[in-house]
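Enquirer: got a sequence here, can you build the structure:
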Amino acid sequence: MMKKSLFVLILIGGWVIPSWAQNNKEFEQLCKKYQDSENVGSFGMDGLGCLLASWFIGKEANDINALIRQCSSFRILSCSGEESKMLCKDIRAFVRASKLEELISVQEDGSEVKLYMQTVKNKVHQVFVSVVDEEQEVVFLQVKGKFDLAAIQKLAKTSQISYLCH
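Expert: Numbers count the residues shown, from 1 in each chain. Have a look, this model is predicted:
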């Protein structure tokens, strides 16, 4: 039984990991492009990492836990200093190439936050968040998976994020 389980895990890993890497290619390339800079930091997880992370969320957060289990990948890229301007330019090109739809843009106190989504048949395949501070600090978050729009709206209502509920 153990050998069969191990074989199935290897088979699934051999299919899931290459497909995740291919889907994440452009953003992953940006992370690698800037990885040698001391002003840039990046962190990511694949689907297995997201599943493991969901185990550490309390049972009272069922809506959040359900969304995390639907993640196929998660990546954060942050930068400060002069390189942030070039990174922002590369991110704009990435957003255009990925055909992400801008849903929200909020500007406050010199910071700009944008939320993008890529949807296919009422399923969200990618969420991308851009946070740019006028003081040359930027943070980008990419979450991929197959998320149900109704589940996202339910989470927004429970979290009292009204602008996502419409």
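Enquirer: now for the chain, the helix or strand with the poorest mean pLDDT.
Expert: Taking mean pLDDT, DSSP states H and E as the measure, the chain has helix 2-23 as its least confident helix or strand, at a mean of 42.
Enquirer: and the helix or strand just after it, what does it pack against?
Expert: Downstream of helix 2-23, the next assigned helix or strand under DSSP states H and E is helix 25-34. In terms of contacts (3 or more Cβ pairs under 8 Å, 6 or more residues apart in numbering; DSSP states H and E), helix 25-34 is packed against strand 40-46, strand 71-80, helix 83-98. Every residue, glycine included, has its C-beta placed from N, CA and C.
Enquirer: the shortest one pairs with which strands?
Expert: The reference is to strand 40-46. strand 71-80 (antiparallel) (DSSP bridges).
Enquirer: what angle sits between the strand it pairs with and helix 25-34?
Expert: Per axes from the mean of the first three to the mean of the last three Cα atoms, to 10 degrees, the angle that strand 71-80 makes with helix 25-34 is 30 degrees.
Enquirer: give me the contacts around strand 71-80.
Expert: The contact list for strand 71-80, computed with Cβ atoms under 8 Å, 6 or more residues apart in numbering, reads 16, 20, 23-24, 27-28, 30-31, 34, 37, 39-47, 49-50, 87, 136-146.
Enquirer: alpha carbons only: can I get that strand in PDB?
Expert: Taking C-alpha atoms only, strand 71-80 is exported to PDB below (Å, rounded to 0.1, in the frame of the first residue of the first chain):
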ATOM      1  CA  CYS A  71      -4.300  27.600  -4.500                       C
ATOM      2  CA  SER A  72      -1.900  26.000  -7.000                       C
ATOM      3  CA  SER A  73       0.800  28.600  -6.300                       C
ATOM      4  CA  PHE A  74       1.600  31.700  -4.300                       C
ATOM      5  CA  ARG A  75       4.400  34.200  -4.800                       C
ATOM      6  CA  ILE A  76       5.400  37.500  -3.200                       C
ATOM      7  CA  LEU A  77       8.000  39.900  -4.700                       C
ATOM      8  CA  SER A  78       9.100  43.000  -2.900                       C
ATOM      9  CA  CYS A  79      11.600  45.700  -3.800                       C
ATOM     10  CA  SER A  80      12.900  49.000  -2.500                       C
END
